[in-house]
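[1] this one's sequence-less:
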């Protein structure tokens, strides 16, 4: 396994908040730095801002080349001039989550510690980074939004863990959210999803290069454990249908496909591999070059603690009483990680809270990842919801190009 | 992690076949030893034998205490006097699969190797153990069945990988199988299931104690990697509903449940854990005391290669042309590892082959593991199929107790 570490030479645009944040766990985290990107132009009325919230391993590079990987932004097909989230019309903000590893404060950030000899030094937080929640991520985003001079977001949009942030935004700062689109998400993390996250964490803990979380001391990273975690998670992002369509039972030897499929003569326990295996290995080995293991631990934990009903006797409608936010809840028929049933729980809760809510289940065989992939029905849903909400918000329909 | 190894003091009943077997890969494996257990009495006509095939991590101890773990046999609720597989009436055989680690020849078995100095010594096969297929497992079982003096099995029954063996029995030795019951299985391993198996294997490879498969040289076993593999696999054996019912979002600290669920005040990334996590950790840590990592690699590979249509241009009906075996295909509605759709492929193939086939989908929310758990509808299905088939086979309906 390649022991590459994340290049420290990449400079991310960020804002520093010296006063920091009081977290759900009770600790004060200060300072807090939030790395972010914006696209489009903020209107003079400051009423056309859309906050996009990224998923577990996403980042702020929504609609431009990611500087670490050199790959296109993760939602370029959705965000840009003339696209469903139209940057000719809207001002788009996306920040790296608190606890992340792409410039925002997280376990890789340096803090000052005082050694036994009384001498202070800087070292990464590592596993001493305080536990954070999805709501803590939202609190950090709010600092940024306020600093950008925005009192109310036109919309908050996100999929998967991004959708959890959308829900926490609407629950915690209802007056700051005109429209909310939680996509492929859940009001609380299910036992099955906690279980998958726990296996990911155990894979990282099992790697001796994790080194109790202090891997910066050795120069190596727990690449094998993190790769196993990613490989497993990646299966949950796809559907059985998608895996069958993409790979079926095709085999390859080395880099070459093998004609005719697996044959007894070619059998070997460790040699010839199925294409789906080659794909997963690639997913694992590229992931470890861009993601920090301690961030993975911190963020998966934040997802596990997600529970909208926690402070309302288990009633997920509790946080939404008297909300005036307009909701559009979106899910995908073949998503088994955040299945339609969990989106229905959100819709029922919002309905009980008398919220303005629409619900769209997109027919797709692409699984959870469908929100990142080419699904024209989904594009139309996003564009339609934003257009309708913009009309109700009294936003000018003209573009802001050239402002 | 406890570094316990499997006690070598346990003596398993076994038969030795010095001539061995020619495997699908072309290698000759000799000698072959098969560890097995029997229950009940073989009728004078030798026509009442039922072969039970075990799943990936199962063993021959179907209906009695497992000598390594001290736990009850894995199918005691199904097999015994007066039970659905009635040992007062039938002679039940179960053998540890070829490649396994409970007494049959597998990667832990010793072989003679000649060192560079020309001196011969005995050492385990390890990763040099030849790749085996489900059909190779069946070939080994046939040696045992023949040695027991049985020319035709009244029935072959098994779930999951056991069901794959049932299908290969009927495909390869149709004249030796009067009735076949493949349960919760598939005619070929799906891309998703190959993917899960591959993550299991990568977790084992990632453990430095795996030591390239030669862990017997160090005295340690790759317990962490094998535990991660088991934890992940265990999630796939259950359903989301079963996990929610059993664990939901309940938390515990140490051995104590925490009242009121996860609360922000109690948050810690590495402290308080959800009950589902505690359960999975237990599954992982107990598994490594009874299972060999190289066997896990070998057997998961055998499952991946399972493909009934492989030698018939992809047509799964191919192996069953002119079969006279009576089939009952069983699956469980909430099984997402071997879903109903895969059993339907088997049923359609058997139907195309003009076989005598019935199909039962049991309504259950217990997931893949349902075939091992208390499902009265399933018990009635097994009992009913065996009774009907016994009548057609002309078996005496009296019990053989006392023979």
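    On my side now, so go ahead. Here the structure is a predicted model, which means the values were calculated and not measured.
[2] buried stuff in the longest helix anywhere in chain A?
    Ordering each helix of chain A by length in residues (DSSP state H) puts helix A:376-393 first. Counting neighbours by 16 or more other Cβ atoms under 10 Å in any protein chain shown, one finds that the buried residues in helix A:376-393 are A:378-379, A:381-382, A:385-386, A:389-390, A:393. For every residue, glycine as well, the C-beta is placed using N, CA and C.
[3] same thing with stretch A:144-156?
    Neighbour-count burial for stretch A:144-156, counted by 16+ other Cβ under 10 Å, picks out A:144-145, A:148, A:150, A:153-156.
[4] for the buried residues of helix A:376-393, which one is nearest chain B?
    Closest to chain B out of the buried residues of helix A:376-393 is residue A:378 (22.9 Å), distances taken as Cβ to the nearest Cβ.
[5] next one: the nearest residue to the closest one once chain neighbours are set aside from chain B, what distance?
    For residue A:378, ignoring the flanking residues on the chain, the nearest one in space by Cβ to Cβ, 6 or more residues apart in numbering or on different chains is residue A:362 at 5.0 Å. From residue A:362 over to chain B the distance is 20 Å, taken as Cβ to the nearest Cβ, to the nearest Å.
[6] surely residue A:362 and residue A:375 touch.
    Yes - Residue A:362 is within contact range of residue A:375, at 5.9 Å (criterion: Cβ atoms under 8 Å).
[7] list residues touching both of the two?
    By the contact definition Cβ atoms under 8 Å, 6 or more residues apart in numbering or on different chains, residue A:362 and residue A:375 are jointly contacted by residue A:332.
[8] compare the two (neighbour count), which wins?
    For residue A:362 versus residue A:375, neighbours defined as other Cβ atoms under 10 Å in any protein chain shown are more numerous around residue A:362 (23 against 17).
[9] wait, what's in contact with the more buried one?
    A:330-333, A:370, A:375, A:377-378, A:381.
[10] tell me how many other residues surround the spatially closest residue to residue A:327 that is not a sequence neighbour.
    Nearest residue to residue A:327 in three dimensions, chain neighbours excluded: residue A:357, at 4.2 Å (Cβ to Cβ, 6+ apart). If you count neighbours by other Cβ under 10 Å, residue A:357 ends up with 20.
[11] OK, contacts around residue A:357?
    A:326-329, A:347, A:350-351.
[12] quick one: the helix or strand where it lies to helix A:376-393, angle?
    Per DSSP states H and E, residue A:357 falls inside strand A:356-362. Calculated by axes from the mean of the first three to the mean of the last three Cα atoms, to 10 degrees, strand A:356-362 forms an angle of 170 degrees with helix A:376-393.
[13] who does strand A:356-362 pair up with?
    Under the criterion DSSP bridges, strand A:356-362 sits next to strand A:326-332 (parallel) in its sheet.
[14] I'd like the next helix or strand past the partner strand.
    Following strand A:326-332 in sequence order, the next helix or strand is helix A:340-352 (DSSP H and E).
[15] do that following helix and chain B meet at all?
    No - using Cβ under 8 Å from any Cβ of the partner chain, helix A:340-352 stays clear of chain B, coming no nearer than 8.6 Å.
[16] can you show me the helices along the stretch 101-250 of chain A?
    Ranges of helices in the stretch 101-250 of chain A, per DSSP state H, counting those that start in this stretch, are A:134-147, A:161-172, A:191-205, A:223-237, A:240-246.
[17] mind putting the ones you listed into JSON lines with distance to residue A:288 and mean pLDDT?
    Below are the helices of the stretch 101-250 of chain A laid out as JSON lines (distance: least, Cβ to Cβ, whole Å; pLDDT from 0 to 100):
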{"stretch": "helix A:134-147", "distance to residue A:288": "23", "mean pLDDT": "98"}
{"stretch": "helix A:161-172", "distance to residue A:288": "20", "mean pLDDT": "98"}
{"stretch": "helix A:191-205", "distance to residue A:288": "11", "mean pLDDT": "96"}
{"stretch": "helix A:223-237", "distance to residue A:288": "4", "mean pLDDT": "97"}
{"stretch": "helix A:240-246", "distance to residue A:288": "22", "mean pLDDT": "95"}
